[in-house]
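1. Pasted the sequence and its predicted model underneath.
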Amino acid sequence: MGELTFLWIAIFSDGTKIEQIDENGIEHRFQEVKDRFEDLVYFNLTDKQGHLFSINLINGLIIYNNYKNSEIVEKKGNIRLIYFRRNRITMTESGEQQSHTITYHLGLQWLNSKKENRQIVLKIDESGNWVLGE
């Protein structure tokens, strides 16, 4: 697999953080974040171009490049992180790899005041462009 464009940083309620690749060059597995989901308060996805996507799991907000809109549209309960990557590999007829792209899926899931499950997910390409996904 090629080099990742976006890397994550998880910040927990006690102030500790886990970076996907820390300052010593050690790569941390996402399982370390999953093991502490109940304490996760922010989950950031960033690249070297300055794009920053941040999930606020306290208020249920998605923040892009530090833009803060304090308006909360609906009260959210049981807020959970959604994060995964999709790899798309195109092959030639002879079986050689023609291209490899990664799409990052980042969002959150919650229960609204009627106890209905809701979610919002951004699909982010390797250039930092994003669209609302399903």
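-> Great, that's in hand. Note that the coordinates shown come from a computational prediction; the quantities given were computed from them, not determined experimentally.
2. For the chain, which segments are assigned as helices?
-> With DSSP state H as the criterion, the chain has helices at 31-34.
3. most centrally placed residue in it?
-> Against the mean C-alpha coordinate of the chain, by Cα atoms, centre = their mean, the closest residue is Leu106 at 3.6 Å.
4. got a list of what it touches?
-> Listed by Cβ atoms under 8 Å, 6 or more residues apart in numbering, the contact set of Leu106 reads Phe43, Leu45, Phe53, Ile55, Ile62, Ile82, Tyr83, Val121, Leu122, Ile124. For every residue, glycine as well, the C-beta is placed using N, CA and C.
5. same thing but at 10 Å, please
-> 6, 8, 43-45, 53-55, 62, 81-85, 120-124, 130, 133 (Cβ atoms under 10 Å, 6 or more residues apart in numbering).
6. And the pLDDT at it?
-> Reported pLDDT at Leu106 in the predicted model: 97.
7. ok, back up a step: among the contacts of Leu106, the buried ones, what's the ChimeraX command?
-> Buried subset of the contacts of Leu106, written as a ChimeraX selection, criterion 16 or more other Cβ atoms under 10 Å:
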select :6,8,43,44,45,53,54,55,62,81,82,83,121,122,123,124,130
